[in-house]
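K.L.:
need a structure here:
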Amino acid sequence: MPGDPVQSEATPAQPVLLEIQAHDCPQLLKEVLLEIQAHDCPQLLKEEFRPLFRERDIAAGRLTVLVVSQRTDQDMATWSEQVEQERLELASQFVSVGRDIVLGLRRRGFWADLVDPTTGRPHLGELAPAADADDRLIETDDRLGRLGFEIDDLGCCKVIRHAVWGSHVFIGCLFTDAPLDDPRLSDDSRYIPIPGYQLFRRDRPGCGGRPAGGVAVAVRDGLRATEVAVSERPVPGSKLESLWLRVSAGNQQIYFCSVYRPPRPTTDDVTADLDDLQEQLETVSTRHGGLIFIAGDVNIDMASDSTAKRRYCQLMDAFALRQHITGPTFRSSGSTIDVICSNGTLQRQGTLHCDYSDHNWARATFSLTGLRPKPTVVTARSWRRTNAEELNRRLQTIDWSPVFHSTDPAQQWEYFLGVTRPVLDELAPLKRTKVRNPTAPPVTEATKQLMAERRAALRDGDRDHYRQLNRRVQAAIRRDTRDAVQRHIQERGRASLWRGVQPS
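P.N.:
Residues are numbered from 1 along each chain as shown. As a prediction, the model looks like this:
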């Protein structure tokens, strides 16, 4: 707030890697399960995080925080066995992936650590006695408010809220002194962790062999994808960059190409680049007679009447491909230089504003026939029938001296797991549970109107108005759901309450 000395000094850390913000692309964010933000911490924020790490003075040098937000099925502001089960599952996934990243950074000469979401303490670092709250980082910590989250104090407890997902969010944090533009971090896909997706990439070599951009495709798990070589050598003079994948989805096979053409306006350059693309399409068309998608930045304005545009359209027509994006994608010039072309029928296509790029998002959706997604299975321990007294007795009989005598955090952790897992497996065994997708809540037309106003506030970037509307929408959904349950009871009687509340 203006005039408030604390707020004016404790400004949000500046994003330096990937930031998908709510006011940039709210519709897209509602469809994804993961958001990654990287923050280069200013000095004040370093001082606030200093108590977390006792073995290192993190305020003396560079500090980068990588915040991983995962959208949850359950509302994390409530408590139930389902909420706790999902929280434990996501915490386990984050620690598993985060540990690999941290150890990889350490092998490359950087300092790095992650905060265990279940304890709020460093996962690998020295654990000093937690004398005050600053020694821990829990998900409702006010310091996370400096990183773009809203912390609501409900009186009885605090709740962290994501700008789009609300309280349906799980947060994990990694800390490192590595600058995110370091070339040692740019050649390994493990540093772009997208749980549930396979990443295919083709980097563009830069000066000294350092990667300098390129093309990439993220393919959701459950879809079989393989990289396809379509040309042995590029057309002379071509600077076209492309990555072809063969994706099997259900009973369909799709060839997908991520493409980038640098801005080269001369006739010879355009001819070389498009001849290269033509040869690739000819190779693909001899192997495949089904769906073909081409998406990327071709730096040819599809809204103009230029020779390059006519040449590109003739090439697409020759292979029965159609450009689906019609609105401007490059805001500074109002041109349409990003394309999504296919020989199929789309359900939806268009552009969305993106605040951290001078390009708008180009997106398209289409239906897949015969595809049956694998059910989501959660593996977690069942504590319902655990004998707490027996568990405590078993833990007390364990020899913990190797943990206290060792100076290697990795050895300490491995020993801890080795002696506790057999006990937990016996008294609180792991169970696999299929997660049923919740049905959409019943909402009235008035609530739908509120939701439309909320979307408009997001598009306009009015975050304060969005937050007000978001609270009203959540309250309206709860009210509509309560009314729907009451109507159901009145119509079918109280005996049908259980069947009416439980999803089928």
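K.L.:
all contacts plus neighbour counts: C-alpha atoms, from now on.
P.N.:
OK.
K.L.:
which regions of the chain lie under the pLDDT threshold?
P.N.:
Counting by pLDDT under 70, the ranges of the chain that qualify are 1-34, 125-134, 154-157, 180-195, 206-212, 355-356, 373-374, 435-441, 494-504.
K.L.:
Break it down into its structural domains.
P.N.:
5-184, 196-365, 383-428, 445-501 (automatic domain parsing).
K.L.:
Identify whichever of the ones you listed lies nearest to Lys434.
P.N.:
domain 5-184 (11.3 Å; CA to CA).
K.L.:
Among the domains of the chain, which comes closest to Pro375?
P.N.:
Proximity to Pro375 (CA to CA) singles out domain 196-365 among the domains of the chain, at 10.2 Å.
K.L.:
Pull the distance from the closest one to the chain's centre.
P.N.:
In terms of CA atoms, centre = their mean, to the nearest Å, the centre of domain 196-365 is found 23 Å from the chain centre.
K.L.:
how far does that domain stretch from start to finish?
P.N.:
19 Å (CA to CA, to the nearest Å).
K.L.:
before we move on, the earlier item: okay if I get the domains of the chain as TSV plus mean neighbour count and distance to Leu371?
P.N.:
Formatted as TSV, the domains of the chain follow (neighbours: other CA atoms under 10 Å; distance: least, CA to CA, whole Å):
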stretch	mean neighbour count	distance to Leu371
domain 5-184	17	18
domain 196-365	17	4
domain 383-428	12	36
domain 445-501	15	29
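K.L.:
Verify the stated contact: Asp57 with Arg50.
P.N.:
Yes. The criterion here is CA atoms under 8 Å, and Asp57 meets it with Arg50 at 6.8 Å.
K.L.:
Roughly how far does Lys46 sit from Leu105?
P.N.:
For Lys46, the distance to Leu105 (CA to CA) stands at 20 Å.
K.L.:
what does the helix or strand hosting Leu245 rub up against?
P.N.:
Assigned by DSSP states H and E, Leu245 belongs to strand 241-249. The contact list for strand 241-249 (CA atoms under 8 Å, 6 or more residues apart in numbering) reads 201-202, 214-216, 223-230, 253-261, 368, 370-371.
K.L.:
so what secondary structure elements neighbour the lengthiest helix in the chain?
P.N.:
Ranked by residue count, the top helix of the chain under DSSP state H comes out as helix 463-492. Using 3 or more CA pairs under 8 Å, 6 or more residues apart in numbering; DSSP states H and E, the elements in contact with helix 463-492 are helix 445-460, helix 497-501.
K.L.:
Tabulate those helices (TSV), appending distance to Leu243.
P.N.:
As requested, those are exported to TSV (distance: least, CA to CA, whole Å):
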stretch	distance to Leu243
helix 445-460	32
helix 497-501	48
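K.L.:
Could you work out the end-to-end span of stretch 164-173 for me?
P.N.:
19 Å.
K.L.:
how distant is it from the center of its chain?
P.N.:
11 Å.
K.L.:
if we can go back for a sec, can you tell which of the helices and strands packed on helix 463-492 is closest to Asn470?
P.N.:
Closest approach to Asn470 among the helices and strands packed on helix 463-492 (CA to CA): helix 445-460, 6.5 Å.
K.L.:
Now do the closest one against helix 463-492: the angle between them, please.
P.N.:
160 degrees (axes from the mean of the first three to the mean of the last three CA atoms, to 10 degrees).
K.L.:
from here on, count from 697
P.N.:
Yep, numbering from 697; the last one is helix 1141-1156 now.
K.L.:
counting contacts, what elements does helix 1141-1156 pack onto?
P.N.:
Packed against helix 1141-1156, as judged by 3+ CA pairs under 8 Å, 6+ apart, are the following elements: helix 722-725, helix 1159-1188.
K.L.:
how far does it sit from the chain's center?
P.N.:
Put simply, helix 1141-1156 sits 24 Å off its chain's centre (CA atoms, centre = their mean).
K.L.:
CA atoms of that helix as PDB?
P.N.:
Extracted in PDB, the C-alpha atoms of helix 1141-1156 (Å, rounded to 0.1, in the frame of the first residue of the first chain):
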ATOM      1  CA  GLU A1141     -27.200 -17.700 -13.800                       C
ATOM      2  CA  ALA A1142     -26.400 -14.900 -11.300                       C
ATOM      3  CA  THR A1143     -23.300 -16.900 -10.200                       C
ATOM      4  CA  LYS A1144     -22.300 -17.400 -13.900                       C
ATOM      5  CA  GLN A1145     -22.600 -13.700 -14.400                       C
ATOM      6  CA  LEU A1146     -20.300 -13.100 -11.400                       C
ATOM      7  CA  MET A1147     -17.800 -15.600 -12.900                       C
ATOM      8  CA  ALA A1148     -17.900 -13.700 -16.200                       C
ATOM      9  CA  GLU A1149     -17.100 -10.400 -14.400                       C
ATOM     10  CA  ARG A1150     -14.300 -12.200 -12.600                       C
ATOM     11  CA  ARG A1151     -12.800 -13.300 -15.900                       C
ATOM     12  CA  ALA A1152     -13.100  -9.800 -17.300                       C
ATOM     13  CA  ALA A1153     -11.200  -8.400 -14.300                       C
ATOM     14  CA  LEU A1154      -8.400 -10.900 -14.900                       C
ATOM     15  CA  ARG A1155      -8.200 -10.000 -18.500                       C
ATOM     16  CA  ASP A1156      -7.900  -6.300 -17.600                       C
END
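K.L.:
Good, wrapping up.
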